[in-house]
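>>> Here you go, sequence then predicted model.
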Amino acid sequence: MATSAQARPRRSALYLPGSNARAIEKARTLPCDVVILDLEDSVAPEAKIAARALACEAVRMGGFGSRELVIRANGLDTPWGADDLAAAGDAGPDAVLVPKVASPADLAAYRAALGPAVPLWAMIETCQAVFALGELGAASAERGVEAWVIGTNDLVKEMRCRLGAERAPLLSALSLSVMAARAHGLAILDGVYNDIPDLAGLERECAQGADLGFDGKSLIHPTHLEIANRVFSPEPDAVAWAHTVAEAFDSPENAGKGVLKVEGRMVERLHLAQARRLIAVAEAIAAHED
């Protein structure tokens with residue numbers, strides 16, 4: 001069976017400015033799987049100290065239900081990063097998301113600054129990171145990183161590429177990032193979609209991300225939640241087939257068999273592992289939504 005961590009829904013991860021008390025309060029009622037209280041890109045320099053205090057207080061107050069609560073800190077190369085990590089470590093969110101991780105040394109520095117208790121999430125958003133995905137995956141497993149989040153905006157900026165609707169310049173980086181995450185047991189979330197009113201474009205990009213193997217998508221607006229939740233949820237037909245496969249292998253007459261013919265289709269034990277994980281994900285989503 002998939003572990004609870006592997007099955008935890010992360011279909012929609014909504015960034016909210018840590019400086020916006022009203023948005024933080026509303027997040028307690030929004031249908032997102034993850035709330036990311038941002039202290040980095042969405043907060044002006046003069047507001048960062050106040051945003052840190054507000055975000056940490058929100059963590060202490062709680063009230064977010066089954067939503068995973070994450071603080072995105074400023075980098076250690078900024079005037080605010082070390083204090084962000086110290087304060088977040090004391091507040092105890094579900095995780096702290098750290099930016100522009102490009103080497104195992106970066107992860108070691110972030111872990112040392114945060115302390116051992118709180119899980120790390122890491123932004124993959126530089127060309128250097130893409131060329132170090134294997135090393136970053138191994139270091140992530142060692143340093144208590146649970147998830148990667150792709151920072152597509154920063155990656156596009158650094159590459160100087162022309163993105164386009166199909167994200168062709170990014171596809172190799174996106175696919176390799178998913179492979180590296182899976183090789184080291186990490187969850188991985190796709191980058192944001194910038195055109196807020198273009199819901200058709202968002203749905204197309206969510207479908208692409210799901211096809212590539214992402215667990216969900218990071219988002220910048222509450223109107224994007226329904227689409228991300230729907231697209232990254234297992235389809236009912238797939239869940240039904242997973243139950244059929246699991247039941248076939250669990251049948252006493254098939255004990256010890258490695259290959260079965262189920263409803264005319266050949267299935268192996270690797271398909272059983274996939275089926276059990278899909279069932280666990282579907283059950284976790286149902287529990288979260290209840």
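Done, it's in. Residues are numbered from 1 along each chain as shown.

>>> where do the strands sit along the stretch 101-250 of the chain?
For the stretch 101-250 of the chain, the strands defined by DSSP state E, counting those that start in this stretch cover 120-124, 145-150, 187-190, 216-219.

>>> closest to Ala13 out of those strands?
strand 216-219 (4.7 Å; Cβ to Cβ). C-beta here means a position set from N, CA and C on the backbone, and glycine is covered the same way.

>>> Any buried residues in stretch 130-150, and which?
Of the residues in stretch 130-150, those buried by neighbour count under the rule 16 or more other Cβ atoms under 10 Å are 130, 132-133, 136-137, 139-140, 143, 145-150.

>>> For the spatially most central residue of the chain, give its distance to Ala51.
Nearest residue to the geometric centre of the chain (Cα atoms, centre = their mean): Leu189, 3.6 Å. Distance of Leu189 to Ala51, given as Cβ to Cβ, to the nearest Å: 22 Å.

>>> Check Ile71 too.
Here Ile71 is placed at a distance of 10 Å from Ala51 (Cβ to Cβ).

>>> Compare the two (neighbour count), which wins?
More crowded of Ile71 and Ala51, by other Cβ atoms under 10 Å: Ile71, with 32 against 26.

>>> for that one, what are its contacts?
18, 36-37, 39, 55-56, 59, 84, 88, 91, 93, 95-97 (Cβ atoms under 8 Å, 6 or more residues apart in numbering).

>>> ok, now with 6 Å
Going by Cβ atoms under 6 Å, 6 or more residues apart in numbering, Ile71 touches 37, 55, 88, 93, 96.

>>> What's the mean pLDDT across the helix or strand that contains it?
Assigned by DSSP states H and E, Ile71 belongs to strand 68-72. In this model, strand 68-72 has an average pLDDT of 98.

>>> pull the CA atoms of it into PDB?
The C-alpha coordinates for strand 68-72 follow below in PDB (Å, rounded to 0.1, in the frame of the first residue of the first chain):
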ATOM      1  CA  GLU A  68      -1.200  21.300   4.200                       C
ATOM      2  CA  LEU A  69       0.200  24.500   5.400                       C
ATOM      3  CA  VAL A  70       3.600  25.600   4.000                       C
ATOM      4  CA  ILE A  71       5.600  28.800   4.500                       C
ATOM      5  CA  ARG A  72       7.800  29.900   1.500                       C
END
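
>>> now it: how far from the chain's centre is it?
Offset of strand 68-72 from its chain centre (Cα atoms, centre = their mean, to the nearest Å): 11 Å.

>>> and the angle from it to strand 145-150?
Following axes from the mean of the first three to the mean of the last three Cα atoms, to 10 degrees, one obtains 70 degrees for the angle between strand 68-72 and strand 145-150.
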